[in-house]
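# Build the 3D model from these lines:
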Amino acid sequence: MPSADTGRSVAHLALVGPTASGKTDLAIEVAKALGDVEIVMADAMCVYRGMDIGTAKPSAGQQSVVPHHLIDLADPSEDFSIARFSAAAEAALQVIAERGNRALVVGGSGLYVRALVDGFAPPPEFPDQRASLEGEPDTARLHARLRELDPVAAGRMEPSNRRRIVRALEVTLGSGRPFSSHGGDLSAYLPTRFRQAGVWLPRQVLAQRITERYAHQMATGFLEEVALLRNSDPPISRTAAQALGYRELMAHLDGDSTLGDAVDRAVSRTRAFARRQRVWFRRDPRITWFGAGDDPSALVPSLLGDWDRR
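I've put the predicted structure just below:
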């Protein structure tokens, strides 16, 4: 997914790190200071319209300050795919480069970031296979099947991550080749036109930020947002319904838990997800890490010093 050739080499940028590490606010401050940067979101859930509060999507005000791309691409009823994301990302990078600007990729969805930074093409889709697999309600059974057919792919994903498991089985069965044999080699970190930086917060600070963000989201209408999605017609897709916090609050609305228990589970699940994000991004030797203490905004001068050189 190379950028458009405008007659000079454009060094695009990427800011990564775990959820709630302050990437969005930090990216906007850096983009305002640099002046030639447009933000490209690499978030698997910010692509959904109407899922604003729970995804911590950049606000309308923030989006008006700096151009944003790859937000609100699909309705929550759709099963959005990385293939669709890659196509939209390629178009966004083309537009940004034609304007003579740089892309600043911001996100914590590791596979989406890699799709942007390394431009690998996702495997084809096999809708008939996917429909058949979706008929199996037992995710653990699907994961066991994947473990038999493609143990490499099965080992790379959580046994409860239904969306990724179904996708891996879909490709394996539809193509006749293991899912892990498709696309780019995720263990290879080749030269790229993206200069990458990571936000690193102490674990306890990040855990507290996650808790505080949920408190703020609940106070600003997260439960009401989930209620609208739960009652929507057509209904929310399985992919969108797995988003952090949404699944737990839907369980509460279904009468399966108290509100307090639902929020506690969401916090716990999000903290576990943040740990997995750290592991994913730490594997990439091309990322320069910046320690932020307890204030991510303090990283602005360091990032500007690193990225101001064209």
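# Can you give the contact residues for the longest helix anywhere in the chain?
Using DSSP state H, we find that the single longest helix of the chain is helix 259-282. Contact with helix 259-282 is made by 16-21, 108, 110, 158, 198, 206-207, 210-211, 214, 218, 223, 244-245, 248-249, 251-252, 257, 287, as judged by C-beta atoms under 8 Å, 6 or more residues apart in numbering. Where C-beta positions appear, they are placed from N, C-alpha and C, glycine not excepted.
# Sort out for me which of the residues you listed are in helices.
Per DSSP H, those map to helices at 110, 206, 207, 210, 211, 214, 218, 223, 248, 249, 251, 252.
# Quick check: pLDDT value at the closest residue to the fourth one other than its chain neighbours.
With C-beta to C-beta, 6 or more residues apart in numbering as the measure, residue 20 is the residue that lies nearest to residue 210, at 4.7 Å, once sequence neighbours are left out. At residue 20, the predicted lDDT confidence score is 97.
# the helices in the protein, which residues?
Going by DSSP H, the chain shows helices at 23-34, 60-65, 82-98, 110-118, 127-134, 139-149, 151-155, 162-175, 203-219, 222-230, 238-241, 246-253, 259-282, 300-307.
# With distance to residue 12 added, can I get these in CSV?
Output for the helices of the chain, formatted as CSV (distance: least, C-beta to C-beta, whole Å):
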stretch, distance to residue 12
helix 23-34, 12
helix 60-65, 19
helix 82-98, 7
helix 110-118, 8
helix 127-134, 32
helix 139-149, 34
helix 151-155, 29
helix 162-175, 26
helix 203-219, 26
helix 222-230, 32
helix 238-241, 27
helix 246-253, 31
helix 259-282, 17
helix 300-307, 10
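# For residue 291, find the nearest of the ones you listed.
helix 300-307 (9.5 Å; C-beta to C-beta).
# How far off centre is the closest one?
Distance of helix 300-307 from the chain centroid (C-alpha atoms, centre = their mean, to the nearest Å) equals 24 Å.
# what's the closest non-adjacent residue to residue 190?
residue 118 (6.8 Å).
# Ok, residue 82 next?
residue 122 (4.8 Å).
# what about that neighbour, distance to residue 284?
19 Å (C-beta to C-beta, to the nearest Å).
# The residue nearest to residue 82 is in contact with residue 90, isn't it?
No: distance between residue 122 and residue 90: 11.6 Å, which falls outside the contact criterion (C-beta atoms under 8 Å).
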